[in-house]
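Asks: From the sequence below, what's the structure:
(one chain, ligands or ions: 1)
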Amino acid sequence: MFRRKIRVRFAPSPTGPLHIGGVRTAFYNYLFATKEKGDLILRIEDTDSQRFVPGAEEYIIESFDWLGISFDEGPHKGGNYGPYRQSERKSIYRQYVDRLISDGLAYIAFDTPAELEAKRNEHANFQYDASTRMSMRNTLTLPPTETAALIEAGKQYVVRIKIEPNRTITVNDLIRGKVSVNSSIIDDKVLFKSSDGLPTYHLANIVDDHLMEISQVIRGEEWLPSAPLHVILYQYFGWEDSMPQFAHLPLLLKPEGNGKLSKRDGDRLGFPVFPLQWTDPKTGETATGYREAGYLPDALLNFLALLGWNPGDDREVLSIEELIQLFSIEKCSKSGAKFDYKKGEWFNHQYIQLKSNAEIADLFLPILKEHGVDAPIDKVIKAVSLVKERVNFVKDLWEQSAFFFIPPASYDEKTVKKRWKEDSAEKLTELAGILQTLTGFSAPETEQAVMSWLTSKAYHTGDIMNVFRLALVGEAKGPHLFDITEIIGKEETIYRIEKTIKNLA
Ligand code: GLU
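Replies: Predicted coordinates:
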């Protein structure tokens, strides 16, 4: 049987930074396209000139670059179905608008915003549709000579779809199943505005999905209400046979589960809702992004993949390749997914453990630089290997490992109070003497030497080791002490002991 080529698209409107929900939508499209060896298209839906925000398209493309989600076609890629920016497809839409008008399936309306407002004030539930359109100023009610004159005079108008009332419109959604609505609830939506010569979302979206031969439309739940209108448009154009299958993804919900996730939830609880940092070009306000917060792209994608889909068992940490293999639209859930941002941190932690120490060390280098540390990479790798299990983010490695690179600037008061005894200085001096005699300084060698000194003197191990740690780290934390001495080396170890004696004695 003929099976059409799988072609899916992500179709953001450049009205600001990409929301994290949009990233999930794009990623599901990516997983599906890659699994089906199909094409993934980026289409910029910039027909709403009022809401256009400069820099938003660049932001979207940079976000996907960072995440490693690649497109086969798009404004940045080219392709055989371009242009991929709707504002560059003006002339294409005009023909389809004209076609609907001449087929009697759409009409021109001259009602001004003030006239519409007056109608709304008159009737509480005013809707421009079969029940009201004959009392409005449009080509269905005005004589042709008058409409011609109005257009001639440059009066602004819109083109509205003419919805037949009382029809059952059925949308077969791959996730939600069959959804039927009565066409009377749909208003005669505006398809085109003469003011800017641009179509609205409804028309441009359908025409482009058709012309770009889109096979599945995987989009966010918020677009579900417009699906019946889209089905009607496919019928009006006679394109039912090539209509894409729809899949409306569940909403991302607030972490508490009540209502839609918003930017305010992120501000309130301290997590980003955008992939990258974004500075509003008008207000200059900056919002943080997942990249800047220290998320690894794969960890973020793994986290998002499981918000609205699961592989059918309880596996959670899945590589991109595994996600591609396992993904299916049918396994997406109908109900909203709580945005458990703590789980996102957990994923980042898991991915840090999965990455090699060398990879994490590379990511840690710029942070070390910021702290004025220029350490040899071998040393950074060793330090990372000892503390990475303690962190969720690469940037937190500094707090956990600074003592590998710089001596403590101060000593934790509580620890000093508890551990620093009358004879501590004396003991530490003795310890420095022992260390001085060592020729090898590996962890086992140093440990052995220190331990046999302790036993021969019958010193209390805890007493000595605690102040030794205080001298090296400045507080009662950190990995195995002799791993630290090995990494910082003999000279630095002795220097820190002497410094501590001077400071605390
Ligand atoms: N431009 C719409 C948006 O911003 C596209 C919705 C769709 O995928 O059809 O989300």
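Asks: Show the contacting residues for Gln86.
Replies: Gln86 sits next to Arg43, Ile44, Glu45, Asp46, Thr47, Leu198, Pro199, Ala204, Asp208 when contact means Cβ atoms under 8 Å, 6 or more residues apart in numbering. In short, each C-beta sits where N, CA and C put it, glycine included.
Asks: The same query, at a cut-off of 7 Å, please.
Replies: The contact partners of Gln86, taken as Cβ atoms under 7 Å, 6 or more residues apart in numbering, are Ile44, Glu45, Asp46, Thr47, Ala204, Asp208.
Asks: What count of nearby residues applies to Cys439?
Replies: For the record, residue 439 is Thr, not Cys. Applying other Cβ atoms under 10 Å, we find 6 other residues in the vicinity of Thr439.
Asks: do the same with Leu470
Replies: 24.
Asks: Return the residues in contact with it.
Replies: Contact criterion Cβ under 7 Å, 6+ apart gives Tyr411, Thr415, Val416, Arg419, Thr500 as the residues in contact with Leu470.
Asks: out of those residues, which one sits closest to Ile487?
Replies: Ranked by distance to Ile487 (Cβ to Cβ), the contacts of Leu470 are led by Thr500 at 18.1 Å.
Asks: Okay, and that closest one sits in which element?
Replies: Per DSSP states H and E, Thr500 falls inside helix 481-504.
Asks: returning to that earlier point: quickly name whichever of the contacts of Gln86 is closest to the ligand.
Replies: For the ligand, the nearest member of the contacts of Gln86 is Glu45. The distance, counting by Cβ to the nearest ligand atom, is 3.6 Å.
Asks: What residues does the stretch 151-300 of the chain have near the ligand?
Replies: Taking Cβ under 6 Å from any ligand atom, the part of the stretch 151-300 of the chain that reaches the ligand is made up of Tyr201, Asn205, Arg219, Trp223.
Asks: need the contact list for the first one.
Replies: Right, the one you point to is Tyr201. The neighbourhood of Tyr201, defined by Cβ under 7 Å, 6+ apart, consists of Glu45, Thr47.
Asks: And the one 3 residues further on, by the same measure?
Replies: Taking Cβ under 7 Å, 6+ apart as the definition of contact, the neighbours of Ala204 are Glu45, Thr47, Gln86, Tyr93.
Asks: Hmm, Pro199 and the second one touching each other?
Replies: Yes. Contact between Thr47 and Pro199 holds when scored by Cβ atoms under 7 Å: they sit 5.8 Å apart.
Asks: Grab the nearest non-local neighbour of Pro407.
Replies: The spatial neighbour of Pro407 that comes closest, neighbours along the chain excluded (Cβ to Cβ, 6 or more residues apart in numbering), is Arg496 at 5.1 Å.
Asks: how much space is there between the one you found and Tyr30?
Replies: For Arg496, the distance to Tyr30 under the criterion Cβ to Cβ, to the nearest Å works out to 51 Å.
Asks: cool, and Gly74?
Replies: In this view, Gly74 and Tyr30 are 12 Å apart by Cβ to Cβ.
Asks: give the contact list for Lys331.
Replies: Contacts for Lys331 were tallied using Cβ under 7 Å, 6+ apart; they are Trp309, Asn310, Gly312.
Asks: Name only those of those residues that count as buried.
Replies: Among the contacts of Lys331, those buried by neighbour count (16 or more other Cβ atoms under 10 Å) are Trp309, Asn310.
Asks: Please identify which of the contacts of Lys331 is nearest to the ligand.
Replies: Nearest to the ligand among the contacts of Lys331 is Trp309, at 17.3 Å by Cβ to the nearest ligand atom.
Asks: residue contacts, the closest one?
Replies: Each residue near Trp309 by Cβ under 7 Å, 6+ apart is listed here: Phe327, Lys331, Cys332, Ser333.
Asks: Nearest to Ala443, out of the residues you listed: which one, please.
Replies: For the contacts of Trp309, with Ala443 as the reference and Cβ to Cβ as the criterion, the closest is Phe327, at 45.5 Å.
Asks: what about the closest one, neighbour count?
Replies: The number of residues packed around Phe327, counting by other Cβ under 10 Å, is 21.
Asks: Skip the chain neighbours and tell me the closest residue to it.
Replies: Leu31 (4.0 Å).
Asks: who's in contact with the one you found?
Replies: Contacts for Leu31 were tallied using Cβ under 7 Å, 6+ apart; they are Leu323, Ile324, Phe327.
Asks: So the second one sits against Thr34, correct?
Replies: Yes. When contacts are counted by Cβ under 7 Å, Ile324 is listed as touching Thr34 (4.9 Å).
Asks: So these two - more neighbours on which side?
Replies: Neighbour count, other Cβ under 10 Å: between Ile324 and Thr34, Thr34 has more, with 20 against 16.
Asks: Which SSE is immediately downstream of the helix or strand harbouring the more buried one?
Replies: Using DSSP H and E, the secondary-structure element containing Thr34 is helix 20-35. Moving toward the C-terminus from helix 20-35, the first helix or strand encountered (DSSP H and E) is strand 39-42.
Asks: Identify the residues contacting that following strand?
Replies: With Cβ under 7 Å, 6+ apart, strand 39-42 has contacts from 7-10, 29-30, 33, 71-75, 84, 212.
Asks: about what we covered before: which one among the contacts of Lys331 gets closest to Leu472?
Replies: Using Cβ to Cβ, Asn310 is the member of the contacts of Lys331 that lies nearest Leu472, at 45.9 Å.
Asks: ok now do the closest one, which residues does it touch?
Replies: For Asn310, the contacting residues are Lys331, taking Cβ under 7 Å, 6+ apart as the criterion.
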